[in-house]
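Novice: Have a look at this prediction, sequence included:
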Amino acid sequence: MRVHTVIDSPIGPLTLVAEDGALAGLYMDNQRHLPAVETFGEPDPEPLRTTVTQLDEYFAGERTDFDMPLALGGTPFQRSVWTALREIPYGETVTYRQLAEQIGRPTAIRAVGLANGKNPISIIVPCHRVIGSNGDLTGYGGGVHRKRHLLDYEQGLDLFSAAAGPRPMPELPGQLQDLNI
C-alpha cells in the first residue's frame, strides 16, 4: 500500500511516497520523470516520520547520510547505479564516467546518466553528486538550480542555517501544489 506526504524544505516542497513502510519516492516540485500523482496513494505522514526527521536533520547540517528502508523499483541496471550513488560521500562529487566504471560498465556512461536521471529518491539516493567530466552540472531531475544549491550546501556553504538566512531559490510554478496533494 502506498501513502504520501508533502513537506517544506529549503529547496521547496518535497513529496515523500512510502510503499509498505519503505521510502519509494522523494520528488521535488516540477521534477522531471515525476510519476502520475495518482500513484502516490492516500495522504498519511505516519509511515514517513523517520524520513521527515532525517531530512530535517540533513537540512539542519546534523546528518550526512540516511538510514531508512528504501523500496527502489527500476531495472537491475538502474538499481546498480542507484546503489552506487549511495556510496558517494557527502560533500563529494563523481563524474558519470567514474560512476560507470564503479559499477563495472565503463562504456555505459550514457546509460548511467539516464538511470541517474530516473532516480526516484532524490537527495537520499544522492544523484545530485554526479557531474559531467568537465565539472559542469549537466542536469538534474529537480532542476540544476537545486543541484547547485545542494552541492554548495554539502561543500560547506552555510546556505540553510538560521544565522546565515536562507539563500533564496528561484520561484517555480507549483505543479504539485496546484494538485492540492
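Specialist: All right, it came through fine. Numbers count the residues shown, from 1 in each chain.

Novice: Show me where this protein has its strands.
Specialist: Counting by DSSP state E, residue ranges of the strands within the chain are 2-7, 14-19, 22-28, 42-43, 94-95, 130-131.

Novice: Can you tell me the strand partners of the fifth one and which way each runs?
Specialist: Listed by DSSP bridges, the sheet partners of strand 94-95 and their directions read strand 130-131 (parallel).

Novice: about what we covered before: tabulate the strands of the chain (CSV), appending distance to R105, mean pLDDT and mean neighbour count.
Specialist: Yep, even glycine has a C-beta here, placed from its N, CA and C like the rest. CSV is the format used below for the strands of the chain (distance: least, CB to CB, whole Å; pLDDT from 0 to 100; neighbours: other CB atoms under 10 Å):
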stretch, distance to R105, mean pLDDT, mean neighbour count
strand 2-7, 31, 98, 19
strand 14-19, 28, 98, 23
strand 22-28, 25, 97, 23
strand 42-43, 39, 97, 9
strand 94-95, 14, 97, 18
strand 130-131, 15, 96, 22
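
Novice: show me what contacts the residue nearest to the spatial centre of the chain?
Specialist: Residue closest to the average C-alpha location in the chain (CA atoms, centre = their mean): S122, at 1.3 Å. Neighbouring residues of S122 by CB atoms under 8 Å, 6 or more residues apart in numbering: L26, Y27, M28, Q31, H128, G141, G142.

Novice: before we move on, back to that, Throw the strands of the chain into JSON lines and include distance to E101, thanks.
Specialist: Conversion of the strands of the chain to JSON lines gives the following (distance: least, CB to CB, whole Å):
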{"stretch": "strand 2-7", "distance to E101": "35"}
{"stretch": "strand 14-19", "distance to E101": "31"}
{"stretch": "strand 22-28", "distance to E101": "27"}
{"stretch": "strand 42-43", "distance to E101": "42"}
{"stretch": "strand 94-95", "distance to E101": "9"}
{"stretch": "strand 130-131", "distance to E101": "13"}
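
Novice: which stretches of this protein aren't confidently modelled?
Specialist: The chain contains residues with pLDDT under 70 at 158-181.

Novice: Residue ranges of each domain in it, please.
Specialist: 2-68+170-178, 76-154 (automatic domain parsing).

Novice: Most tightly packed of these?
Specialist: Among these, ranked by average contacts under mean count of other CB atoms under 10 Å, first place goes to domain 76-154 (a mean of 18).

Novice: Could you tell me the end-to-end distance of it?
Specialist: 29 Å (CA to CA, to the nearest Å).

Novice: so how far is that domain off the chain centroid?
Specialist: Here the centre of domain 76-154 is set off from its chain's centre by 10 Å, with CA atoms, centre = their mean, to the nearest Å.

Novice: rewinding a little: out of the strands of the chain, which is closest to P76?
Specialist: strand 22-28 (17.4 Å; CB to CB).

Novice: outside of that closest one, which residues touch it?
Specialist: Identification of contacts with strand 22-28 by CB under 8 Å, 6+ apart yields 2, 4, 11-18, 34-35, 40, 48, 51, 68-73, 120-124, 141-143, 146, 176.
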